[in-house]
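A.B. asks: Predicted model and sequence below, questions to follow.
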Amino acid sequence: MNAIEKALETFRQPPHMYNCAQTVCAAFGRTDLVDEMKACGGGRAPEGMCGALYAATRLLPDKAAEMVEGFRAVNGATCCRDLKGANRVPCQECVRCAATQVEKFSRA
């Protein structure tokens, strides 16, 4: 199972019930960030950024700008409020897209 599949399979599922940000970190083996990311789900990441995307930028800070632009190109926004409101992007899709960005740029 790759990290994208792992993220999708574990998002909001027992036993952990991780939020979007925690799920992305855990899927890529960064359990050291899971507790910190607890406060970043549900639109509470800095500047209202999608929690899954915020976690991705924390995993690869040197590629953050590229990942943000890739995420925006797919979903039309990076702010949780906009993603859930006008764009109607489900959280699972945000997790998938953020994990995809990490996978893409971790190979580059």
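C.D. replies: Alright, I've got the coordinates.
A.B. asks: Which secondary structure elements does the helix or strand encompassing residue 6 sit against?
C.D. replies: Element membership for residue 6 (DSSP states H and E) is helix 3-10. Counting contacts by 3 or more CB pairs under 8 Å, 6 or more residues apart in numbering; DSSP states H and E, helix 3-10 packs against helix 20-27, helix 91-107. (Glycine included, C-beta is placed from N, CA and C.)
A.B. asks: Downstream of the first one, the next helix or strand is which one?
C.D. replies: What that stands for is helix 20-27. For helix 20-27, the following helix or strand on the C-terminal side (DSSP H and E) is helix 34-37.
A.B. asks: Would you mark the buried spots in that following helix?
C.D. replies: 34, 37 (16 or more other CB atoms under 10 Å).
A.B. asks: got the angle between the next helix-or-strand element following that helix and helix 91-107?
C.D. replies: As assigned by DSSP H and E, the chain's next helix or strand after helix 34-37 is helix 51-59. Angle between the axes of helix 51-59 and helix 91-107 is 20 degrees (criterion: axes from the mean of the first three to the mean of the last three CA atoms, to 10 degrees).
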